[in-house]
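Asks: sequence and predicted structure, then a few things I'm wondering about:
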Amino acid sequence: MNDPFEDGNGRYLVLTNTTGQHSLWPVSIDVPPGWDVVHGDDTRQGCLDFIDAGWTDMRPRSLSTF
């Protein structure tokens, strides 16, 4: 069984939650409650590039205001 989270040839989404954290998510798996799609169907590398460009502060939003 292949791990859908590690498929170099798979298609992915970028999700974000209410604390501003991001997740790489396979398009073949339903988006979990509490997460929203912020970058649509793309390659794994395309999604990683999107995350690298836009998520520069890894702290949850509640901690990043200090």
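Replies: That came through fine.

Asks: what comes up buried for the helix or strand bottoming out on mean pLDDT in the chain?
Replies: Least confident helix or strand of the chain, by mean pLDDT, DSSP states H and E, is helix 44-54 with a mean of 92. Neighbour counts over helix 44-54 (16 or more other C-beta atoms under 10 Å) mark R44, C47, F50, I51 as buried. Placement of C-beta: from N, CA and C, glycine included.

Asks: and it, what does it pack onto?
Replies: strand 11-17, strand 22-26, strand 35-43 (3 or more C-beta pairs under 8 Å, 6 or more residues apart in numbering; DSSP states H and E).

Asks: ranking the ones you listed by burial, who's on top?
Replies: Using mean count of other C-beta atoms under 10 Å, the stretch among the helices and strands packed on helix 44-54 with the greatest mean number of neighbours is strand 11-17 (a mean of 20).

Asks: who's in contact with that one?
Replies: With contact meaning C-beta atoms under 8 Å, 6 or more residues apart in numbering, strand 11-17 is reached by 22-28, 31-32, 34-44, 46-47, 50-51.

Asks: tell me the mean pLDDT over it?
Replies: Mean pLDDT, taken over the full extent of strand 11-17, equals 96.

Asks: just to check, C47 is in contact with H39?
Replies: Yes: using C-beta atoms under 8 Å, C47 is in contact with H39, at 6.1 Å.

Asks: one step back: any idea how far the least confident helix or strand of the chain is from the middle of the chain?
Replies: Centroid displacement of helix 44-54 relative to its chain, using C-alpha atoms, centre = their mean, to the nearest Å, is 8 Å.

Asks: and the contacts of it?
Replies: Contact partners of helix 44-54, identified using C-beta under 8 Å, 6+ apart, comprise D7, G8, N9, G10, Y12, L13, V14, H22, L24, H39, D42.

Asks: now, which of those residues sits nearest W55?
Replies: Using C-beta to C-beta, H22 comes nearest to W55 of these, at 4.8 Å.

Asks: who's in contact with the closest one?
Replies: Counting by C-beta under 8 Å, 6+ apart, H22 touches V14, L15, T16, V38, I51, G54, W55.

Asks: pick out the most distant pair among those residues.
Replies: Of all pairs drawn from the contacts of H22, the one with the longest distance (C-beta to C-beta) is L15 and G54, at 12.7 Å.
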